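Asker: this is a predicted model, with the sequence first.
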Amino acid sequence: MKKTILTLCFIAMGVALIQAQDNFKYEASKASPYGLPHPDAPEQIKDYAPLIGTCNCKSTSRKQDGTWNTPVDMVWKWKYIMNGKAVQDETLKADGSHSGSIRQFIADSSKWYVHYYASKTPSTTLSTWTGNKKDGKIVLYKDQTAPNGTPGYYKLSFYDISKTGYKWIGEWVDKTETITFATWKIECTRPKKQ
């Protein structure tokens, strides 16, 4: 009798495990280490498909005097999360500063919402950028006033996206985008084996 009950328990646990795996088959796994886009997610979930995986990058920020700092080595990792219905990225920089974002496309507004966090500037409220993919670029904006009081945005752009890598730039732009001032740039190369 005890063997029968024990056997039934193992069978029930096996069935539950198979059902759980089937329910979350778009999560990261041995077969898909960066997850997969869920077929029920908005079509825009594939906007980030070329970035999914790991790239070796050079991150360069602007100094207060307007010149550029020496580039910092960085690894940028991307994966699907929430069972393939959102995207998460993480940066690991050689200088010890790390950051990441959670990216969700909200169909009601037809926009990406990107929530950013960083190890050097912990916050109780995450910064949020919004935007879309257009003409092969992913462009995101957040309201930001320039130091001289001019209203504008901090604009983030992914561009030159290909199988071998991509580029990223962060820049302040005025509301008409006729004035731009780049403050941060990143160039990424995908390792041949991934």
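Answerer: Yes, it's here. Everything numeric here is computed off the predicted structure, so don't read it as measured data.
Asker: just the element for residue 116, please.
Answerer: Taking DSSP states H and E as the criterion, residue 116 maps to strand 111-118.
Asker: quick one, strands of the chain?
Answerer: Along the chain, the segments classed as strands by DSSP state E run 53-61, 72-81, 86-93, 98-106, 111-118, 127-134, 137-143, 152-162, 165-174, 180-189.
Asker: could I get the average pLDDT for the shortest one?
Answerer: Predicted confidence along strand 137-143 averages 98 (mean pLDDT).
Asker: okay, now the sheet partners of that strand, with direction.
Answerer: strand 127-134 (antiparallel), strand 152-162 (antiparallel) (DSSP bridges).
Asker: quick check: mean pLDDT of the first one?
Answerer: Per-residue pLDDT values across strand 127-134 average out to 96.
Asker: could you number the chain from 33 rather than 1 from now on?
Answerer: In the new count, where the first residue is 33, that last one comes out as strand 159-166.
Asker: so what touches it?
Answerer: Taking contacts as Cβ atoms under 8 Å, 6 or more residues apart in numbering, the residues outside strand 159-166 that touch it are 76, 79, 141-148, 170-174, 186, 188. For the C-beta atoms, the positions are set from N, CA and C on the backbone; glycine is no exception.
Asker: the nearest residue to residue 92 once chain neighbours are set aside: how many residues sit nearby?
Answerer: Using Cβ to Cβ, 6 or more residues apart in numbering and skipping the chain neighbours, the partner closest in space to residue 92 is residue 103 (4.5 Å). Residue crowding around residue 103 was assessed by other Cβ atoms under 10 Å; the count is 15.
Asker: and what of residue 184?
Answerer: As a burial measure, residue 184 scores 20 neighbours (other Cβ under 10 Å).
Asker: tell me the bridge partners for the spatially most central residue of the chain.
Answerer: The centre of the chain sits closest to residue 121, judged by Cα atoms, centre = their mean, with a distance of 3.4 Å. Beta bridges link residue 121 to residue 110, residue 133 when assigned by DSSP bridges.
Asker: surely it meets residue 109?
Answerer: Yes - between residue 121 and residue 109 a contact is recorded at 6.6 Å, counting by Cβ atoms under 8 Å.
Asker: quick one on the thing from earlier: surely the residue nearest to residue 92 touches residue 88?
Answerer: No - Residue 103 lies out of contact with residue 88 (Cβ under 8 Å); the separation is 11.7 Å.
Asker: let me know which of the strands paired with strand 169-175 is tucked in deepest.
Answerer: For the strands paired with strand 169-175, the largest average neighbour count (mean count of other Cβ atoms under 10 Å) is found in strand 184-194, namely a mean of 18.
Asker: report the angle between it and strand 212-221.
Answerer: Here strand 184-194 runs at an angle of 30 degrees relative to strand 212-221 (axes from the mean of the first three to the mean of the last three Cα atoms, to 10 degrees).
Asker: tilt between strand 184-194 and strand 197-206?
Answerer: For strand 184-194 against strand 197-206, the angle by the same axes, to 10 degrees is 160 degrees.
Asker: let me see the mean pLDDT of strand 184-194.
Answerer: 97.
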